[in-house]
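Asks: this is a predicted model, with the sequence first.
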Amino acid sequence: METGCRVVRGPDWKWGNQDGSEGHVGTVVVVGKTGSVSSPDKTVVVQWDGGTRTNYRCGYQGAFDLCLFDNGPVGVIHNNVSCNECKKQSIEGMRWECADCLNYNLCTSCYMNDKHSLEHGFNRIEARGKPGVYIGRRLGKCKVEAKGIFCGAQVTRGPDWDWGNQDGGEGSVGQVLDVRGWETESFQSVACVMWKPMSTNVYRVGHKGKVDLTCISEGSGGFYYKNHLPKLGQKPESLIIPSTSSAASSAGSVDNSVNFEVGEGVRVLLDVTTLKDIQEGHGGWNDKMEEVIGLVGTVHRITERGDVRVQYPGFANRWTFHPASLTKVEEFRINDKVSIIKDQALLKKLQVGHGEWTDSMAVALGKVGKVLKIYSDGDIRVAVADHAWTFNSAVLVKEESAATPSGYDPQSTSQRGQVELQGILQPSSSSSSSSASQQNHHDNLTAEERRQSQQLQTEIDQSLRSLLDHLRINSSTDIGSMIISEAGQGNVEQLKDLFRAHPDKVDVVRSDKTALQIASHQGLTAVVELLNQFGADINLQDSEGDTALHYAAFGNQPTTAATLLKGGADGNRLNKNKCSPLHVAVNKGFTDVVKTFLSCSCNVNAQDSYGDTVLHDAIAKDFADIVELLINFRGIDLSIKNKRGFNCLHHAALKGNARAASLIVQKSPELMNSAKEDGFSALHLASLNGHYNVVECLVQARSLSEVDIRNGRQQTPLLLAVDKRHVTIAKLLLENGANVNAQDDVGDSPLHVVVMYHSLKFGGNNAAKKELPPSEPTFAITKLLMEHDADLTLLNKHGKTPVQLCRDPRLREILLPNGVAEDDATPKKSQTSNGASPHASSSSSSGVSMETGRKCRVCDLPANATFSPCGHLVACMDCAPMLKKCFLCKAVVESFAEVHQGGDSVECVVCSDEPPSVKFEPCGHMIVCEGCATRMKKCLKCKKVIEKKISSGKKATAKPAELSENDEKYLETLHSLLSLQAHVREIEDANMCAICLEKPRNMAFLCGHGTCVECATTLEVCPMCRKPITKKITLFN
């Protein structure tokens, strides 16, 4: 059982519809362990596709609640075995072998879809090396439909979701397009999901035991034979593969009287010459087969010719043998009768490392002896006549009469021990008479003498064990593996003996690890000290560059780490990712190990391959205790920037770590105004990413920081907060003195920004049809800005005010409540203050004309409106209604009058058929006839919204609610341009390298993220999701 297996309910199910009903599929996420209260041994925890998660019995109390539906997600594959139906190479998951046909295999999909004859019996093979289980025919058997996360299912984010808002946000629903494997690691273990709008990615459904999705509408996974699935947790039964005798006979198979079973232990006891001869036509001969003579192997399968395919531990290849060349490995017991093989040359070879060969053994060849003792390594102590030797079990053959008679009284411990010791220490022919005399003397011993004899025997047994250990240590063929094993188990005394015999093996490497690295990870301090005494290289690195100190950090072993540092370990040694042991301890959150490293003054300013210091990592992981330790540590440099240009305060602001930000500001207040290369300060980053607590921390220290600090695009924190609709942060900044009218590099104020966003998203002719709650952030922010005296007259570099960009009448009501203050929307190009006052100016039109040059200060058209009471001529009749104060003297304008320069219009400007007869209020223009005025919403001359229409003294008509068609087209064009600009900016940002933020992203990783080629060169882990980079794909535009 492994995490990641896909399961369905099994034969002992009694839990109702916890799984969602019969056929619903789940994933094993936890395998029970001995001693666990929540998940004891022989139980598992299953995450069902429908969302339920609980534990079930897999042999616990003899019950099996689950069946194994698919073990492909844990990486099971049958290499070089193809499906005979779909032709897929290397069957993934369980293999189904026809018992009636020669070498005919099906994958699970083909088997469950009734490929091949239903009347043929099949063997189910769960994994490579496991025995096949005969399950019979499919004909007439019951099938159940599998349901869950399959193609067509609708899903939402699940319990292991770790992908941010990749799905579009909490509650988003996606559709499964297909279920596939993850490269060569696992199979049918990830689901490809399409989210709205058209965002597609793959998510784990069993891969590495994780489930990223929850099914809300299941898809169909086809049908399966319920009774043909294995019970989860039940060991596969041994099965004699059904013989295909008729075909085998014709193919020249042998008539083997020995029935070998899959999974059974066998060995070859023939000499090389005989084996070569017998192998002719039965797998042939390979010189490497000589290496396995005498070794114990496992029967993998029986071929169609009746030959036996054997797998040997430690060998990649399987060998095919004539069955007559194999001998079953017998299970020996004490007092069993065994015979020793007659071939002296073969026995000499097999004895190497197993008791060795002595010339006195020649007398035992072909003789029958008795088993005295069975050692843990499999060697057997055998007494033959009056001698005792240790033999390799491969040279022994169990006699048929091996069973000990019930009335047999075995030798006493004393006798047996004396024979054993004699066989080892005195392997000579003279020992026969000595043994006989000892036996005769033993029969005449008194009780006291027997006690002394037993005491002596105990001492002899101890000496014997010591001697046997010595022989084993000095004759083993793989001392390195033994050293690694003993080190991992903490066996100090055994290691001492090994190192005394093999002092050159202290740094031996097995599976890319040394004994010191393993002991360090396990926290075996006594072993570490011993290895140091014997001269182990304390700074030796594995293939990833990790030293023993890295391993101690990985294993959360502070005491061992301290021992290594005292023994001379380099605490600042970097691995291939440029991570120091301190980096490892910080990333794992092991506070005690971090304290140990800090107490030894390890470098806290070391940077990894991303340029991150240990403080960057601690802030990102939000390990509060470690953050405080590091910030308060002497010698730490808080201004160090990583490869993305973030110092530690920037990083805290980016990640929303308010505690870290507060501590950093207290220690290094000068970092408050420190900016990245793009001009972003910590306050910018916190405001942009919506981290209220960090913003609050930073503005409380505003005496040290500029609340209106600008970035490279002249944006203030307020502009960024408004751009992302962070209402509470915008309010906080305004309350702390942020400039409500600050403009960025394109002249947009916060009011421009919020109005443009709202217009692009909700504006247009159908805006009124879109229901929006009063709490809509754009409404809230607009009200907030207006309450803080946002200027409606500010022009951006496109020459537009916020009001001119507004397309939604609901937002316009906030900007211009009750139709009042429309004057505030007057564009301001400049403001001149010359100290003039109402009393210092002439009231004559001529005087004003001379003073101003008759140019409107707003639109540059001829000025033809005089203000009262000041009398200045500074605006045209089109612009005058919008002005509350005179440009020159700042006096309040009570009224204005037109200076006629060419007479009124004599015809309607629209139809040119009728004279103008309708006057618009509040602008006062009369430019259209009654027929054309009916559909007018804005004055065509001044572009002001028409509130009243007065026709020939008749009652004024109601205020229109909509814009004119011409103006609507104008605004549509404007907003199309703004929308295009926004999309271009988004595309540029999306295609920019996330590390350098300068070059285009032209290198992709299998996780879906990417960087530029230059930054990707040194990367081994994705900087976004931290997954290992297994492949780099160049993107071409």
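Replies: Thanks, I have it. Since the structure is predicted, the reported quantities are computational estimates derived from the model, not experimental observations.
Asks: how about the strands in the stretch 751-900 of the chain?
Replies: 865-868, 873-875, 895-898 (DSSP state E, counting those that start in this stretch).
Asks: winner for burial among the ones you listed?
Replies: strand 873-875 (a mean of 27; mean count of other C-beta atoms under 10 Å). Any C-beta I mention is one placed from the backbone N, CA and C, and that applies to glycine too.
Asks: what is the burial count for Thr934?
Replies: 13 (other C-beta atoms under 10 Å).
Asks: mind checking how far it is from Lys944?
Replies: Relative to Lys944, Thr934 is positioned 18 Å away (C-beta to C-beta, to the nearest Å).
Asks: again with Gln700
Replies: Taking C-beta to C-beta, one finds Gln700 at 45 Å from Lys944.
Asks: Leu498 looks like it's in a helix, true?
Replies: Yes: Leu498 forms part of a helix when assessed by DSSP: H, G, I helix; E, B strand; the rest coil.
Asks: in the stretch 51-200 of the chain, which spans are helices?
Replies: Using DSSP state H, counting those that start in this stretch, the helices of the stretch 51-200 of the chain run over 108-112.
Asks: quick one: low-confidence residue ranges for it.
Replies: 197-198 (pLDDT under 70).
Asks: hmm, back to that, Lys885: which of the strands of the stretch 751-900 of the chain is closest?
Replies: strand 865-868 (9.0 Å; C-beta to C-beta).
Asks: looking at Gln700 and Lys944, which is more packed in?
Replies: Lys944 (20 against 14).
Asks: wait, that one sits on Lys938?
Replies: Yes: the pair Lys944 / Lys938 is scored as a contact, 6.4 Å apart, by C-beta atoms under 8 Å.
Asks: number of nearby residues for Asp212?
Replies: 24.
Asks: same thing with Leu102?
Replies: Leu102, neighbours per other C-beta under 10 Å, totals 12.
Asks: residues near Thr596, how many?
Replies: Thr596 has 26 nearby residues by other C-beta under 10 Å.
Asks: what's the helix or strand it falls within in contact with?
Replies: Using DSSP states H and E, Thr596 falls within helix 591-599. Under the contact criterion C-beta atoms under 8 Å, 6 or more residues apart in numbering, helix 591-599 has outside partners 552-553, 556-558, 561-562, 565, 571, 581-582, 585-586, 604, 623, 625-626, 629-630, 633.
Asks: next SSE downstream of that helix?
Replies: Next along from helix 591-599, by DSSP H and E: helix 614-621.
Asks: contact partners of that next one?
Replies: 580, 582-583, 586-587, 589, 604, 606, 608, 612, 626-627, 630-631, 636, 638, 642, 646, 648, 651-652, 655, 657, 660.
Asks: now it, how far from the centre of its chain.
Replies: 18 Å (C-alpha atoms, centre = their mean, to the nearest Å).
Asks: now it against helix 591-599, angle please.
Replies: On the basis of axes from the mean of the first three to the mean of the last three C-alpha atoms, to 10 degrees, helix 614-621 is oriented at 160 degrees to helix 591-599.
Asks: can you give me the neighbour number for the nearest residue to Pro1000 once chain neighbours are set aside?
Replies: In space, Pro1000 comes closest to Asn991 once its chain neighbours are excluded; the distance is 5.4 Å by C-beta to C-beta, 6 or more residues apart in numbering. By other C-beta under 10 Å, the residues close to Asn991 number 14.
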